[in-house]
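**Q** Quick one, what's the 3D model for this:
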Amino acid sequence: MEKTELPIHKHPLLTITRFLERCCEGCGHYGYIYGGYCCNELGCQNSVFHKECAESLPEINHSSHPDHPLKLLLSRQSSTCSHCQGSFQNGYFCSICDFKLDLSCARETGATLTLENTNVHEHPLELFNEAITSGGSDDVSCKTCNHIVSLSLLEQCYKCYQCQSVFHVICAKFFPEANHTSHAKHPLKLLTCGAPDYADNKCLLCGKESDQHLHHCDVCNFSICSWCMSNPPPLGVVSSTTHEHQLHLVPRHIDFTCNACGTQGDRSPYFCLQCNFMIHRECIDLPRVININRHDHRISYTRRLGHGKWQCRVCRKKVDGFYGAYSCSSKCSNYVVHSRCATRNDVWDMIELEGMPEEEEISPFQMIDDNTIKHFSHDHNLRINKEGMILQENTFCQACVFQICSEPFYSCEQCDFILHQKCANLPRKKRHVCDNQAFTLETNFEGGEFKCHLCKQRFTGFRYMPLTGVNCLDVRCGSISEPFLHESHQHPLYYSSDMLSKSCTACGERINRGRLSCDECDFNLDFKCALLPKNVMRYRYDDHPLFLSYGESSVDGEEYWCEACETKVNPKKWFYTCNDCGVTLHISCVVGDFSYAMPVSVRISDAKVVFNASICRPLCIMCTSRCMPPSILQVTKAGVTVYFCSSKCLLNFMLTNGMKYFNIDSNECDK
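**A** Numbers count the residues shown, from 1 in each chain. The predicted model follows:
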């Protein structure tokens, strides 16, 4: 995987033959980029360049400024091209004169300032050089191709000041009839009223539907969109990744199965006559080696899996072994993913790894002896305890901020630092289904408070942070993997981030973001319910541990009452119970909104979480009921102390009394 250092970008660039619909980082024009260059560095992996833009020379002579040579300038500041008066992003400048030339104008003779007579519009068009908005947005549609003109990205365009219509520079210069490389037999006519009744209104090349401005051959019934008319795909492509021979464009309607991904296509494949090989244009140049967020190891593209019963680990559907796919053949011989699934934007981190050394896995601790470790999060050695020792109710694991119960744990003999054994083994770096970027485990030495992106719970323990981004996860949500097995359901559960409105089977609340769903039945869990602790120590009500019950399937009129709030418990819903005494409690009375924040740790201005262990429970200032959860929020202002039993009460109080009351920011109250 060869990279080239070019002056257009700060990182070495990787040459690609991939078909991308992106904005070029060089000239700022949005459209199809066939081939070109891309950046393969983390945080910059979405940067792509036209081949011509990436290979811009450090210095040129140009007819628009013949007196002096022009030097390449990469500018992110607001500036104007001296030739077209458009926004200047990258281009050339004169070190003697105040003259700048953007890459588009430098590569050609530049855009004409005024078009008096065009075939696409009845009025004169002027090169656009001022900010406009349409409906509160910085983006408007080109009247020729109907694609977005992204003014926020400083894209050059023409404008009719009489009717406020906007046109791409290329679209403004269309002719009524023009030849095209993909249909050289006859010229294509520009149709401004859509396709004829007998014709398909989808572009034969890209497949996108166009209600107007098609370019059509009525002899061959050949139609393409204005976008493909102005930016024709190459007739031949060489990509060693997906095929060993040159591939040729077949611009016609044809049903085929793509050899690279195994899915169906209905138009304009690329074809190898020698091998009877067909491929979607978007499957050309698939990456060879990648990381995905569903697996801990690298996976590699293979042109043929061979015989076997394969199942995609992303979509869980069948994988045909006679077509291309990704596999983890070196470590997990049965791990297979469809080509399309593996390269989805929400699955792949967009980094190509061929030729790059694998990252060394860093252990979270060093072994001192069979019973002692030195964990990266603590200065002292920690010693294991596997005797099932039950500690005090207010003793919490520093990582997950929950009770130790009878689980094995590590403790420090010099201070009160304690970790569950499972929390001590949390990996320093891991991949997670909710993000295509890897997450890194971070401690909480600063004592801050965070909000988990998935379960929406506030917490003060360790957290997983994405390498690029701000959505952190607590260690409970950060530790899940697929398939997720839950005792309440007979089938495995899988992460789903679609926007379909679903309700949590456990609590009945609507799930607004990611959830865990069953492929076989309508069973859904939000992360808050899916990760409720299976057992909890509750000394106030019982000397025995409480266990999570997933509801009684048949109840013979028996009434269940919560030992804490003394109200009824729905026996068909989830609740906590003691197997020895039969005590029952609502989940909200056992695990509250502040249960994952370390008691007495400072959370936000004037507020802290306190342990609700007194005999006389305080009243919540908002709902005026006794605070039942084991941890509640205490707020003190001007000598007055009040309590909140839940995040909902806190938010309602702030909305009622003003968002700056008690110096608590509204973002901290959002649930």
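**Q** out of everything not next to it in sequence, what's closest to residue 646?
**A** Among residues not flanking residue 646 along the chain, residue 593 sits closest, at 4.7 Å (Cβ to Cβ, 6 or more residues apart in numbering). To be clear about C-beta, it is placed using only N, CA and C from the backbone, and glycine gets the same treatment.
**Q** Three-state assignment for the one you found, please.
**A** At residue 593, secondary structure determined by DSSP: H, G, I helix; E, B strand; the rest coil is coil.
**Q** separation between it and residue 630?
**A** Distance of residue 593 to residue 630, computed by Cβ to Cβ, to the nearest Å: 11 Å.
**Q** Hmm, residue 488 is touching residue 550, no?
**A** Yes - with contact defined as Cβ atoms under 8 Å, residue 488 reaches residue 550; the gap is 4.1 Å.
**Q** Please identify every residue contacting each of these two.
**A** 506, 574 (Cβ atoms under 8 Å, 6 or more residues apart in numbering).
**Q** sorry, back to before: so how far is residue 459 from the residue nearest to residue 646?
**A** For residue 593 relative to residue 459 (Cβ to Cβ), the value is 11 Å.
**Q** Repeat that for residue 309.
**A** 42 Å.
**Q** swap in residue 127?
**A** Residue 127 is 54 Å from residue 459, by Cβ to Cβ.
**Q** cool, and residue 269?
**A** Residue 269 sits 51 Å away from residue 459, going by Cβ to Cβ.
**Q** Poorly predicted segments of the stretch 401-550 of the chain, please.
**A** Counting by pLDDT under 70, the ranges of the stretch 401-550 of the chain that qualify are 445, 447, 538-542.
**Q** what about stretch 578-585, start to end distance?
**A** Using Cα to Cα, to the nearest Å, the end-to-end distance of stretch 578-585 comes out at 9 Å.
**Q** quick one: average confidence on that stretch?
**A** The average pLDDT for stretch 578-585 rounds to 85.
**Q** Give me the buried stretch members for that stretch, please.
**A** Under the neighbour-count criterion of 16 or more other Cβ atoms under 10 Å, stretch 578-585 has 578, 583, 584, 585 buried.
**Q** Closest to residue 521 out of the residues you listed?
**A** Nearest to residue 521 out of those is residue 584 (Cβ to Cβ; 27.3 Å).
**Q** Tell me the confidence at residue 216?
**A** Confidence score, pLDDT, at residue 216: 88.
**Q** what's across from it in the sheet?
**A** Taking DSSP bridges as the rule, residue 216 bridges to residue 189, residue 223.
**Q** any idea how far residue 70 is from the residue nearest to residue 67 when sequence neighbours are not counted?
**A** Leaving aside its chain neighbours, residue 67 sits nearest to residue 97 (7.6 Å; criterion: Cβ to Cβ, 6+ apart). The gap separating residue 97 from residue 70 is 10 Å, by Cβ to Cβ.
**Q** Those two: which is more packed in?
**A** Neighbour comparison, residue 97 and residue 70: the larger count goes to residue 70, with 22 against 12 (by other Cβ atoms under 10 Å).
**Q** what are the ranges of the strands in the stretch 451-600 of the chain?
**A** 458-459, 463-466, 473-474, 493-496, 502-503, 510-511, 515-518, 524-525, 535-537, 545-549, 560-561, 568-569, 575-577, 584-585 (DSSP state E, counting those that start in this stretch).
**Q** ditto for the stretch 51-200 of the chain
**A** 59-62, 65-74, 90-93, 100-102, 114-115, 125-127, 139-141, 148-150, 157-159, 166-168, 177-180, 183-191.
**Q** give the contact list for residue 584.
**A** Residue 584 makes contacts with 549, 560, 561, 562, 563, 569, 575, 576, 577, as judged by Cβ under 8 Å, 6+ apart.
**Q** Check which helices and strands the longest helix seen in the chain is in contact with.
**A** If you go by DSSP state H, the chain has its longest helix at helix 647-657. Contacts defined by 3 or more Cβ pairs under 8 Å, 6 or more residues apart in numbering; DSSP states H and E place helix 647-657 against helix 666-669.
**Q** gap between residue 380 and residue 20?
**A** 52 Å.
**Q** And the two? Which one has more around it.
**A** Here residue 380 and residue 20 are compared on neighbour count by other Cβ under 10 Å; more neighbours surround residue 20, at 18 against 12.
**Q** The more buried one is in contact with residue 32, isn't it?
**A** Yes - taking Cβ under 8 Å as the definition, residue 20 is a contact partner of residue 32 at 7.2 Å.
**Q** quick revisit: give me the more crowded residue out of residue 309 and residue 459.
**A** Neighbour count, other Cβ under 10 Å: between residue 309 and residue 459, residue 459 has more, with 26 against 8.
**Q** which residue packs closest to the more buried one, ignoring adjacent ones?
**A** Counting by Cβ to Cβ, 6+ apart, the residue nearest residue 459 is residue 596, at 4.0 Å.
**Q** so what's the one you found up against?
**A** 400, 401, 402, 457, 458, 459, 460, 461, 474, 476.
**Q** can you tell me which of the residues you listed lies nearest to residue 205?
**A** residue 474 (47.6 Å).
**Q** burial measure for that closest one, as a count.
**A** Neighbours of residue 474 (other Cβ under 10 Å): 27.
**Q** Quick check: nearest residue in space to residue 531, chain neighbours excluded?
**A** Leaving aside its chain neighbours, residue 531 sits nearest to residue 476 (4.6 Å; criterion: Cβ to Cβ, 6+ apart).
**Q** Surely the one you found and residue 530 touch.
**A** No - using Cβ under 8 Å, residue 476 is not in contact with residue 530, being 9.3 Å away.
**Q** anything in contact with each of these two?
**A** With Cβ under 8 Å, 6+ apart, residue 476 and residue 530 have no common neighbours.
**Q** per the record, what domains does this protein have?
**A** 3-104, 114-173, 177-230, 236-283, 289-342, 481-530, 535-590, 605-669 (automatic domain parsing).
**Q** Can you give me the buried ones in stretch 527-540?
**A** In stretch 527-540, counting by 16+ other Cβ under 10 Å, buried: 527, 528, 529, 530, 531, 532, 533, 535, 536, 537, 538.
**Q** Tabulate the residues you listed in JSON lines, adding columns for distance to residue 439.
**A** Converted to JSON lines, the buried residues of stretch 527-540 look like this (distance: Cβ to Cβ, whole Å):
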{"residue": "527", "distance to residue 439": "15"}
{"residue": "528", "distance to residue 439": "19"}
{"residue": "529", "distance to residue 439": "22"}
{"residue": "530", "distance to residue 439": "18"}
{"residue": "531", "distance to residue 439": "16"}
{"residue": "532", "distance to residue 439": "22"}
{"residue": "533", "distance to residue 439": "22"}
{"residue": "535", "distance to residue 439": "27"}
{"residue": "536", "distance to residue 439": "27"}
{"residue": "537", "distance to residue 439": "30"}
{"residue": "538", "distance to residue 439": "32"}
